[in-house]
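Student: The following comprises the amino acid sequence and a computationally predicted model.
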Amino acid sequence: MYVYKTEILPVSTKFFSDKANEADAAELDVLLNKRSAEGWELADYDYMATSSQIRGAFIITFRKEA
């Protein structure tokens, strides 16, 4: 049996594109490595753009055995 933890990681503000950039990916790497050190395993992720296309976010779900 697993326990799950979902986090939202906002990306930097965009003015012409809702895409993540290298700085956003680096911030995601930091979070993934931090959670891995805590015993969490990446279960799923997605990039969610907003309707205004100014600010999006990664939604990340981790899991670990209960």
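Tutor: All right, it came through fine. Residues are numbered from 1 along each chain as shown.
Student: tell me which residues in the helix or strand that contains Asp29 are buried?
Tutor: Under the criterion of DSSP states H and E, Asp29 resides in helix 22-37. Within helix 22-37, the residues scored as buried using 16 or more other CB atoms under 10 Å are 24, 27-28, 32, 35. No exception for glycine: its C-beta is placed from N, CA and C like everyone else's.
Student: and the residue most central in space within the chain, what does it touch?
Tutor: What sits nearest the mean C-alpha location of the chain, by CA atoms, centre = their mean, is Phe58, with 3.5 Å. Applying CB atoms under 8 Å, 6 or more residues apart in numbering to Phe58 gives the contacts 8-9, 11, 20, 24, 28, 45-48.
Student: got a winner among these for most neighbours?
Tutor: Val11 (21 neighbours; other CB atoms under 10 Å).
Student: Next, the contact list for the closest residue to that residue other than its chain neighbours, please.
Tutor: Closest residue to Val11 apart from its sequence neighbours, by CB to CB, 6 or more residues apart in numbering: Asp24 at 4.2 Å. By CB under 8 Å, 6+ apart, the residues touching Asp24 are 11-12, 58.
Student: what about Asp24, distance to Glu65?
Tutor: Asp24 is 30 Å from Glu65, where distance means CB to CB, to the nearest Å.
Student: just to revisit the earlier point, distance from the helix holding Asp29 to the middle of the chain?
Tutor: 8 Å (CA atoms, centre = their mean, to the nearest Å).
Student: mean confidence for it?
Tutor: Helix 22-37 shows a mean pLDDT of 92.
Student: distance of Leu28 from Leu42?
Tutor: Leu28 is 10 Å from Leu42, by CB to CB.
Student: same check, this time on Thr61
Tutor: On the measure of CB to CB, Thr61 and Leu42 end up 8 Å apart.
Student: now do Leu9
Tutor: Taking CB to CB, one finds Leu9 at 12 Å from Leu42.
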